[in-house]
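kindly generate the corresponding structure for this input.
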Amino acid sequence: MSKRTFDDFDGFADEYRVIHTQNIKLSGADSYYFAEMKVRLLQSLETDRPLRVLDVGCGDGTTEQFIQQYFPQWQTDGIDISAKSIEVAIERKLTSANFAVYNGCIFPFADEHFDLVFIAGVLHHVDFALHQALIKEINRTLKKGGSLVLFEHNPLNPLTRYLVKTCVFDLQAKLLQHYYTSKLLIQNSLLVKEKKFIIFFPRKGLLSKLIFLEKYLHWLPLGGQYFIWAKK
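Predicted coordinates for the structure are as follows:
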């Protein structure tokens, strides 16, 4: 593809978690740990009650596996442009999730269909020229008063930059500064309620003893990732 639009994950679908775990071994945790961590962070924002949830760029459905564990009353739709990743997700046979391929531009859902939209580590795989259209679709399908929870890698963290640079499926990734992402949401009529920086210390080894300090460092823009909670 001469012009970048969406990074292609079809070739990594079957081995995504193995490849990702190998790439992030310096972090002291595996790919599943960080997928679960994101879902657990949702517990500070939402309760387990009947909600319709959209996961944009759901990949292999690992997030939905943890959502079913921690929020069994949620009904989730996961969409991705990678047909092979969706095949892997469907094979999980999750009772609380449906998966579908979409074209990367238009969500196959009606206006104001979802209570919550979740998008984790997706925007850095999408060309910047398409960011506005993607957020507009999130706004369109999100109910009034609904929530958006967004996670992204933090380019201000040197280890994050190194891990992205050395990851085979991040070769074309372009990381988003946190202020760019906040502005993007605000421009599309989404109110940023909270922004936190997370993952400051490795999950194993001597420095892991400092993880307890992370709850005091959410304001410091040096964490390995950041998340934004916004409302419509």
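
please count neighbours and contacts with C-alpha atoms only from this point.
Fine.

residues in contact with the one helix or strand D77 maps to: which ones?
D77 is part of strand 75-80 when elements are defined by DSSP states H and E. The contact list for strand 75-80 (Cα atoms under 8 Å, 6 or more residues apart in numbering) reads 50-59, 61, 64, 86, 96-102, 104.

go again using 7 Å as the cut-off
Contact partners of strand 75-80, identified using Cα atoms under 7 Å, 6 or more residues apart in numbering, comprise 51-59, 86, 96-102.

direction included, what does it pair against?
Sheet pairing of strand 75-80 (DSSP bridges) gives strand 52-56 (parallel), strand 97-101 (parallel).

what is the mean pLDDT for the first one?
Model confidence over strand 52-56 averages 98 on the pLDDT scale.

can you name the element that comes right after it?
Counting by DSSP H and E, the next helix or strand C-terminal to strand 52-56 is helix 62-70.

any buried residues in that following helix, and which?
Of the residues in helix 62-70, 62-68, 70 count as buried by neighbour count, 16 or more other Cα atoms under 10 Å.

and those residues as a markdown table, adding pLDDT?
Output for the buried residues of helix 62-70, formatted as a markdown table (pLDDT from 0 to 100):
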| residue | pLDDT |
| --- | --- |
| T62 | 97 |
| T63 | 98 |
| E64 | 98 |
| Q65 | 97 |
| F66 | 98 |
| I67 | 98 |
| Q68 | 98 |
| Y70 | 98 |
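
would JSON lines of the residues you listed with distance to K232 be doable?
Shown next, in JSON lines, are these (distance: Cα to Cα, whole Å):
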{"residue": "T62", "distance to K232": "27"}
{"residue": "T63", "distance to K232": "23"}
{"residue": "E64", "distance to K232": "23"}
{"residue": "Q65", "distance to K232": "26"}
{"residue": "F66", "distance to K232": "25"}
{"residue": "I67", "distance to K232": "22"}
{"residue": "Q68", "distance to K232": "25"}
{"residue": "Y70", "distance to K232": "24"}
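
please report how far the most centrally placed residue in the chain lies from V149.
Centroid-nearest residue in the chain, with Cα atoms, centre = their mean: A120, separated by 0.6 Å. Relative to V149, A120 is positioned 8 Å away (criterion: Cα to Cα, to the nearest Å).

cool, and A100?
The gap separating A100 from V149 is 20 Å, by Cα to Cα.

between these two, who's got more neighbours?
Higher neighbour count among A100 and V149: V149, with 21 against 18, using other Cα atoms under 10 Å.

identify, by residue count, the longest strand of the chain.
If you go by DSSP state E, the chain has its longest strand at strand 142-153.

what packs against it?
Where contact means 3 or more Cα pairs under 7 Å, 6 or more residues apart in numbering; DSSP states H and E, strand 142-153 is packed against strand 114-120, strand 225-231.

need the helix or strand of this structure with the lowest average pLDDT.
helix 16-23 (a mean of 88; mean pLDDT, DSSP states H and E).

list the buried ones in that helix?
Neighbour counts over helix 16-23 (16+ other Cα under 10 Å) mark 16-17, 19-21, 23 as buried.

check stretch 158-169 too.
Of the residues in stretch 158-169, 159-160, 163-164, 167, 169 count as buried by neighbour count, 16+ other Cα under 10 Å.

could I get those residues as a markdown table with pLDDT, distance to I211 and secondary structure?
Output for the buried residues of stretch 158-169, formatted as a markdown table (pLDDT from 0 to 100; distance: Cα to Cα, whole Å; DSSP: H, G, I helix; E, B strand; the rest coil):
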| residue | pLDDT | distance to I211 | secondary structure |
| --- | --- | --- | --- |
| L159 | 94 | 16 | helix |
| T160 | 96 | 17 | helix |
| L163 | 93 | 20 | helix |
| V164 | 93 | 22 | helix |
| C167 | 88 | 25 | coil |
| F169 | 83 | 28 | helix |
